[in-house]
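Novice: Take a look and give me a structure for this.
(2 chains)
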Protein chains: 2
Amino acid sequence: MRNIKLLIQYEGTRYKGWQSQEHTENTIQGRLTRVLERMTGEEIDLKGSGRTDAGVHAAGQTANFYTETKLSCEEILRYLNTYLPEDIAVLRAEEASPRFHSRLCAVRKTYVYRIWNSCVPNVFDRKYVYQVEEPLDVERMREAAEFFQGTHDFRAFCANKRMKKSTVRSLERITIEQSGPELRLSFTGNGFLHHMVRILTGTLLEVGLGKRKPQEMAAILVSLSREQAGAMAPAQGLCLLSVEYE
Amino acid sequence: MRNIKLLIQYEGTRYKGWQSQEHTENTIQGRLTRVLERMTGEEIDLKGSGRTDAGVHAAGQTANFYTETKLSCEEILRYLNTYLPEDIAVLRAEEASPRFHSRLCAVRKTYVYRIWNSCVPNVFDRKYVYQVEEPLDVERMREAAEFFQGTHDFRAFCANKRMKKSTVRSLERITIEQSGPELRLSFTGNGFLHHMVRILTGTLLEVGLGKRKPQEMAAILVSLSREQAGAMAPAQGLCLLSVEYE
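Specialist: Sure, this is the predicted structure:
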């Protein structure tokens, strides 16, 4: 059996996320699987590096699947891009070692949250940014973000209240870059809890708007309570930028 | 009467261009006029710097209108962005001199045509680029573009065969920038004929694909014949970048 690794890009706007519980729903994984099964004539189990929520985009999602097809990687790439809808593309298809697993072998992921901080809308990127009209204090947001760097129990930033597994994660780096009216919040870490990036972003936004002090972040982390953290930022500003492997 | 100058951005995909002959059609000018008339309670004659074709975008279209409204420019800006559809935005509204006319006072315009030269589709910018899968020889395209710089009779690059007015225009500068798989063709000049940028782009594409030699450009210009030039490139890759005034 060959193990094929795919690098995938999608605009999440009209999908119910990468994967969903209901088999009948419109998901990225479902769309890809349908085309792969038609291409190979086999039943395909496509494994993604992780789920992305409904409406979240990906510039570099990774997935893999086992197949006995004789098609070259080049032919697979071309077939997929011919039959996939225009809001999903495969950037690369390559042979991986039999033991490669998109989720289990991932060592690091980077998410980017794009904020359009202006009262004038962004026409061209409107589906990829979250517009905030009130001016944001970026320096205060950077100060607050520092509290999240490193290894912490992020239970306060997890949507799943009954999460029984460990909620300790390492956030290697958070950066906030400003370019004109746009803010790009980048989060790099070894793993992310459900909605974690969006709740972190929402909390940082409340700091930027002056509703919270940067110093409060330490207390929120320690509280382990979702109620202490800020509101969840909307899905459309979020993009899974890259997944790294050893 | 006040004369208000607007700086406008739009995604042209779902419109029949800036302006159309038929009053009932869905145009950018029509959408703006409707909101301006509701805002002022007056009949508004919105003048654009020039028409853009159906499907063509604008990052910096300029238009002006006369009004007796008491609203400040700030209020006009906010009203427009609140009631315009999300694929049209007004970046600036300002007081202009009574003699300012968007079309007649324009001294220079820049259009950009974006080509995505890859067999892998561009998911995020798919509505703003024209994908060309076969590799393009950019150096040859640059050589060909040189022939168009300066003042020429561009009749061969004009869609209107019965054009009775002068078809002489000055193309101050054409540049072709490459960044990864993307080519950006920029055209700066004092005026453009109907479909001129798209026919120039289509002809340069044929040079890039090896179907024509750069040297042929001189003969096409001299022929003054539309049949000698290349096919018209599709609207979606084109964007009116800016309009300059004295």
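Novice: and stretch A:52-61, C-alpha only, in CSV?
Specialist: Below are the C-alpha coordinates for stretch A:52-61, written out as CSV (Å, rounded to 0.1, in the frame of the first residue of the first chain):
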residue,chain,number,x,y,z
THR,A,52,-10.8,23.1,11.4
ASP,A,53,-14.1,24.6,12.5
ALA,A,54,-16.9,25.6,10.1
GLY,A,55,-15.8,28.7,8.2
VAL,A,56,-12.1,28.5,9.1
HIS,A,57,-9.7,28.5,6.2
ALA,A,58,-6.4,26.7,5.6
ALA,A,59,-3.4,27.7,3.5
GLY,A,60,-1.5,24.5,4.5
GLN,A,61,-3.6,21.7,5.9
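Novice: What mean pLDDT does that stretch get?
Specialist: Averaging pLDDT along stretch A:52-61 gives 96.
Novice: next one: stretch A:134-153
Specialist: The pLDDT scores in stretch A:134-153 average 97.
Novice: Can you confirm whether it lies near chain B?
Specialist: No: contact check for stretch A:134-153 against chain B, using C-beta under 8 Å from any C-beta of the partner chain: none in range, with a minimum separation of 13.5 Å. In this view, the C-beta of every residue, glycine as well, is placed from N, C-alpha and C.
Novice: could you show me where the helices are in chain A, in order?
Specialist: If you assign secondary structure with DSSP state H, the helices in chain A sit at A:28-40, A:73-83, A:138-146, A:196-208, A:216-223.
Novice: looking at these, which is buried most?
Specialist: helix A:196-208 (a mean of 25; mean count of other C-beta atoms under 10 Å in any protein chain shown).
Novice: So which of the helices of chain A is nearest residue A:59?
Specialist: helix A:28-40 (13.1 Å; C-beta to C-beta).
Novice: now what about that closest one, what contacts it?
Specialist: Helix A:28-40 has contacts (C-beta atoms under 8 Å, 6 or more residues apart in numbering or on different chains) with A:6, A:8, A:10, A:12, A:15, A:17-20, A:23, A:43-44, A:46, A:48, A:52, A:58, A:61, A:63, A:65, A:67-69, A:71, A:76, A:79-80, A:83-85, A:88, A:90.
Novice: Type out the PyMOL command that picks the buried ones from these.
Specialist: Burial among these is assessed by 16 or more other C-beta atoms under 10 Å in any protein chain shown; the matching PyMOL selection reads:
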select buried, chain A and resi 6+8+10+12+15+17+18+19+20+44+46+48+52+58+61+63+65+67+69+71+76+79+80+84+88+90
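Novice: so which of the contacts of helix A:28-40 also contact chain B?
Specialist: Near chain B, judged by C-beta under 8 Å from any C-beta, the entries from the contacts of helix A:28-40 are A:10, A:88, A:90.
Novice: Format the residues you listed as CSV; extra columns: distance to residue B:154 and pLDDT.
Specialist: CSV is the format used below for those (distance: C-beta to C-beta, whole Å; pLDDT from 0 to 100):
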residue, distance to residue B:154, pLDDT
A:10, 41, 98
A:88, 41, 98
A:90, 41, 98
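Novice: Turn these into a markdown table, including distance to residue B:186.
Specialist: As requested, the ones next to chain B among the contacts of helix A:28-40 are exported to a markdown table (distance: C-beta to C-beta, whole Å):
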| residue | distance to residue B:186 |
| --- | --- |
| A:10 | 30 |
| A:88 | 31 |
| A:90 | 31 |
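Novice: So, low pLDDT: which residues of chain A?
Specialist: A:21-24 (pLDDT under 70).
Novice: Around chain B, which positions in it sit nearby?
Specialist: Residues of chain A lying near chain B (C-beta under 8 Å from any C-beta): A:9-11, A:57, A:59, A:77-78, A:81, A:86-91, A:119-124, A:126, A:128.
Novice: Of those, keep whichever come out buried.
Specialist: Neighbour counting over those (16+ other C-beta under 10 Å) leaves A:9-11, A:57, A:59, A:77-78, A:81, A:87-91, A:120-124, A:126, A:128 as the buried ones.
Novice: List the ones among those residues that fall in strands.
Specialist: A:9-10, A:57, A:59, A:88-91 (DSSP state E).
Novice: Would you point out the most distant pair within those residues?
Specialist: Farthest pair in those (C-beta to C-beta) is A:57 and A:90. Separation: 15.1 Å.
Novice: which residue lies farthest from the center of chain A?
Specialist: Largest separation from the mean C-alpha position in chain A: residue A:70, at 32.4 Å (C-alpha atoms, centre = their mean).
Novice: How much space separates it from residue A:40?
Specialist: Distance, residue A:70 to residue A:40, using C-beta to C-beta, to the nearest Å: 10 Å.
Novice: With residue A:231 instead?
Specialist: Distance of residue A:231 to residue A:40, given as C-beta to C-beta: 44 Å.
Novice: got it, and residue A:93?
Specialist: Noted for residue A:93: a distance of 12 Å to residue A:40, by C-beta to C-beta.
Novice: now do residue A:228
Specialist: According to C-beta to C-beta, residue A:228 and residue A:40 sit 49 Å apart.
Novice: cool, and residue A:175?
Specialist: Computed as C-beta to C-beta, the residue A:175 to residue A:40 distance reads 41 Å.
Novice: One more: residue A:198?
Specialist: Residue A:198 is 35 Å from residue A:40, by C-beta to C-beta.
Novice: Need the ones in strands among the buried ones among the residues of chain A next to chain B in a markdown table (columns: distance to residue B:162).
Specialist: Below are those laid out as a markdown table (distance: C-beta to C-beta, whole Å):
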| residue | distance to residue B:162 |
| --- | --- |
| A:9 | 46 |
| A:10 | 47 |
| A:57 | 47 |
| A:59 | 48 |
| A:88 | 45 |
| A:89 | 43 |
| A:90 | 48 |
| A:91 | 47 |
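Novice: between those, which is closest to residue B:235?
Specialist: residue A:89 (21.9 Å).
Novice: Bridged to that closest one, which residues?
Specialist: Counting by DSSP bridges, residue A:89 forms beta bridges with residue A:9.
Novice: Isn't it up against residue B:120?
Specialist: Yes: if you go by C-beta atoms under 8 Å, residue A:89 and residue B:120 touch, sitting 5.9 Å apart.
Novice: overlap in contacts of these two?
Specialist: residue A:81.
Novice: Enumerate every residue touching residue A:110.
Specialist: By C-beta under 8 Å, 6+ apart, the residues touching residue A:110 are A:186-188, A:240-242, A:244.
Novice: chain center to stretch A:74-91: distance?
Specialist: Here the centre of stretch A:74-91 is set off from its chain's centre by 21 Å, with C-alpha atoms, centre = their mean, to the nearest Å.
Novice: can you give me the end-to-end distance of that stretch?
Specialist: End-to-end distance for stretch A:74-91, by C-alpha to C-alpha, to the nearest Å: 11 Å.
Novice: what do you get for stretch A:81-98?
Specialist: End-to-end distance of stretch A:81-98: 24 Å, with C-alpha to C-alpha as the criterion.
Novice: what comes into contact with that stretch?
Specialist: A:1-11, A:13-15, A:28, A:31-32, A:35, A:38-39, A:60, A:64, A:73-74, A:76-77, A:80, B:119-123, B:126.
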